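> turn this into a model:
(2 chains)
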Number of protein chains: 2
Amino acid sequence: MRKTFTLFQSHLDLAHRYWSELLSVGDHVIDATCGNGRDTVILATLGAKTYSIDIQQNALNEAKLKVESKGIAQLVTFIKGCHSKFPEEIESHSVKLIVYNLGYLPGGNKDVTTQVTTTLKSLEHALDLLVAGGMISITCYPGHEEGKREEEQLLYFCQNLSPREWSCCHHRWINRKLSPSLIILQKINV
Amino acid sequence: MRKTFTLFQSHLDLAHRYWSELLSVGDHVIDATCGNGRDTVILATLGAKTYSIDIQQNALNEAKLKVESKGIAQLVTFIKGCHSKFPEEIESHSVKLIVYNLGYLPGGNKDVTTQVTTTLKSLEHALDLLVAGGMISITCYPGHEEGKREEEQLLYFCQNLSPREWSCCHHRWINRKLSPSLIILQKINV
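Presented below is the predicted three-dimensional model:
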């Protein structure tokens, strides 16, 4: 049988592929921007113990319904709060993957969007939480103004990470002007 | 057992991963810049019928020795020529993967480097040779001046490809200034 390979149809396919290659059952992960729970469902379906954070209660409610309907609620801990502050119960060097999907909640209030300063603060903390070999996956939305500024500042932040400690790859769909981009950071096994 | 996942240690790991996910035994592929044969060996080891092109006879000689020592010579057709001209025996819509590794031959004459105009000419022809779902993999070397110019012009070329016909992702290691970058083009299954 011929293989089919459609990795490049979207940034989502590519991100999910990385996550599934990285994760083993029982790994701890954080969905830093739960939103309607799409990513949380994928992470918990891979068997990861998932901490899922969002500042909007209506988003968390929707996400809770989703994980319950999939029978994976026991794997997910929902946390209402800002993604710049991770719960204290999550220890340093214990997390395999931290996922950010920036911008605003699809179908929600467009005034409630992630902000560059809080995202950068969150990211600094996230670097410390990862185990060696762990990964941060950030979907950026340079198709709108705040998203473009956010992407630029994240790239600037990442450029200054030590290449001995971090592999950092930016994936950009260059013939789709409004396409999201994907930043993948991996803590090098040392 | 825990999975290890070190995809991001280099652009090579990532490129080879894409190739191995894409290819099935018996697929036709082109190594447009054979050089010392490193990529040709990988492609033929995956079972692909490999056309391998280089303008330098000494490079082809070295590559031939390599594939003979690996016992995969029967899968490889070496062609001495410019990478802007593919052999006529290769038909349109018959090739699964075309690989470019730009720049000069490692350890060779640095005056013999790929040139932007011939690379673009080659690429235009390459687009036509691919089957639906097929892929072009281009490693660029923006760490030196000609390589940077070549990368810029390739990106400009790719930006203008129809998003309905082509998925095109640029992978850039953003905290390694001299790192090669990887452009992956996939012809969309239509």
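
> quick one: secondary structure of the residue sitting nearest the centre point of chain A?
Nearest to the mean C-alpha position of chain A, counting by C-alpha atoms, centre = their mean, stands A:Val99 at 1.5 Å. Here A:Val99 takes the strand state, with states given by DSSP: H, G, I helix; E, B strand; the rest coil.

> so where's chain A uncertain?
Along chain A, segments meeting pLDDT under 70 span A:1-9, A:104-114, A:190.

> need the helices for it, in chain order.
A:11-22, A:38-45, A:57-69, A:116-129, A:145-159 (DSSP state H).

> got the angle for the last one vs helix A:116-129?
Counting by axes from the mean of the first three to the mean of the last three C-alpha atoms, to 10 degrees, helix A:145-159 lies at 40 degrees to helix A:116-129.

> tell me which other helices or strands helix A:145-159 touches.
Applying 3 or more C-beta pairs under 8 Å, 6 or more residues apart in numbering or on different chains; DSSP states H and E, one finds that helix A:145-159 makes contact with helix A:116-129, strand A:130-140, strand A:166-173, strand A:181-187. In this view, the C-beta of every residue, glycine as well, is placed from N, C-alpha and C.

> can you say which of these is nearest to B:Ser162?
Smallest distance to B:Ser162 across the helices and strands packed on helix A:145-159 (C-beta to C-beta): 13.0 Å, for strand A:166-173.

> pretty sure A:Tyr51 sits against A:Leu75.
No - A:Tyr51 lies out of contact with A:Leu75 (C-beta atoms under 8 Å); the separation is 10.3 Å.

> winner for burial among the helices of chain A?
A comparison of the helices of chain A by mean neighbour count, using mean count of other C-beta atoms under 10 Å in any protein chain shown, puts helix A:38-45 on top with a mean of 22.

> tell me how far it lies from the chain's centre.
Counting by C-alpha atoms, centre = their mean, to the nearest Å, helix A:38-45 is centred 11 Å from the centre of its parent chain.

> for that helix, C-alpha coordinates in PDB please.
Taking C-alpha atoms only, helix A:38-45 is exported to PDB below (Å, rounded to 0.1, in the frame of the first residue of the first chain):
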ATOM      1  CA  ARG A  38      -9.200  21.200  21.200                       C
ATOM      2  CA  ASP A  39      -5.600  20.800  22.100                       C
ATOM      3  CA  THR A  40      -6.400  19.500  25.600                       C
ATOM      4  CA  VAL A  41      -8.400  16.700  24.000                       C
ATOM      5  CA  ILE A  42      -5.500  15.700  21.700                       C
ATOM      6  CA  LEU A  43      -3.000  15.700  24.600                       C
ATOM      7  CA  ALA A  44      -5.100  13.700  27.000                       C
ATOM      8  CA  THR A  45      -6.000  11.300  24.200                       C
END
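
> which elements pack onto it?
By 3+ C-beta pairs under 8 Å, 6+ apart, helix A:38-45 packs against helix A:11-22, strand A:28-31, strand A:49-54, helix A:57-69, strand A:95-101.

> save the helices of chain A as CSV, and put in distance to B:Ala15 too.
What follows is the helices of chain A, written out as CSV (distance: least, C-beta to C-beta, whole Å):
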stretch, distance to B:Ala15
helix A:11-22, 15
helix A:38-45, 26
helix A:57-69, 36
helix A:116-129, 27
helix A:145-159, 21
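
> tell me which of the ones you listed lies nearest to B:Cys82.
Across the helices of chain A, B:Cys82 has its closest neighbour in helix A:11-22 (33.6 Å, C-beta to C-beta).

> relative to strand A:130-140, how tilted is that closest one?
Angle of helix A:11-22 versus strand A:130-140, following the same axes, to 10 degrees, is 170 degrees.

> CA atoms of helix A:11-22 as CSV?
Taking Å, rounded to 0.1, in the frame of the first residue of the first chain, the C-alpha atoms of helix A:11-22 are listed here in CSV:
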residue,chain,number,x,y,z
HIS,A,11,0.2,23.9,11.1
LEU,A,12,-2.2,21.8,13.2
ASP,A,13,-1.2,18.6,11.5
LEU,A,14,2.4,19.4,12.0
ALA,A,15,2.1,20.4,15.7
HIS,A,16,0.0,17.3,16.5
ARG,A,17,2.5,15.1,14.8
TYR,A,18,5.3,16.5,16.9
TRP,A,19,3.3,16.0,20.1
SER,A,20,2.5,12.4,19.3
GLU,A,21,6.1,11.6,18.5
LEU,A,22,7.3,13.2,21.7
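
> nothing else from me, thank you.
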